[in-house]
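Asks: have a look at this prediction, sequence included:
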Amino acid sequence: MPSFVEAFESLLSLAPGPVFPRARQLYLRKYPLEAAECTQRFRTFLFAEAIEEQQGLVRVNALAFAVVHWQAPQTTEADYASYLLERWQLQPRQLELDDASWFRDGGAFARFQTEAVYERGRSGALLLDES
């Protein structure tokens with residue numbers, strides 16, 4: 001089972017580039033970090049990102065993630081927190097329940113923040129920035 005960092009890296013390595021913002025946004029709303037494990041009760045998605053391009057590098061800063069109660073109604077913060085801890089070993093300081101449904105009626109969700117920053121070089125290789 002991949003770690004959060006490995007899953008994030010894998011997601012971004014397959015995502016359309018920033019020159020295709022609409023395709024990228026659709027991809028990030030459709031495909032979870034759990035990729036091959038899509039039978040889970042919860043799924044984790046990249047919610048918001050900041051992209052910087054300079055000197056042949058593309059830097060992706062994750063601003064927020066969403067954990068979705070897959071095709072189910074809103075649940076408690078404790079349920080979301082329990083999943084994030086068990087699956088990803090994450091303990092976000094704050095979970096923000098959202099009243100909207102995830103992309104294409106995917107289910108209720110909560111937003112959270114955790115640091116995830118990557119750089120992609122011209123070669124297309126995605127490298128973890130551990131600074």
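Replies: Now that the structure is in, tell me what you want to look at.

Asks: what's the weakest-modelled helix or strand in this protein?
Replies: Taking mean pLDDT, DSSP states H and E as the measure, strand 126-128 is the helix or strand of the chain with the lowest mean score, a mean of 47.

Asks: could you tell me the phi and psi values at the residue nearest in space to the middle of the chain?
Replies: What sits nearest the mean C-alpha location of the chain, by C-alpha atoms, centre = their mean, is residue 46, with 2.4 Å. Residue 46 adopts backbone torsions of phi -80, psi 120, taken as degrees, to the nearest 10.

Asks: and residue 18, by the same measure?
Replies: According to degrees, to the nearest 10, residue 18 has phi -60, psi -20.

Asks: hang on, it packs against residue 52?
Replies: No. Taking contacts as C-beta atoms under 8 Å, residue 18 lies outside contact range of residue 52: 9.5 Å. Backbone N, C-alpha and C define where each C-beta goes, glycine included.
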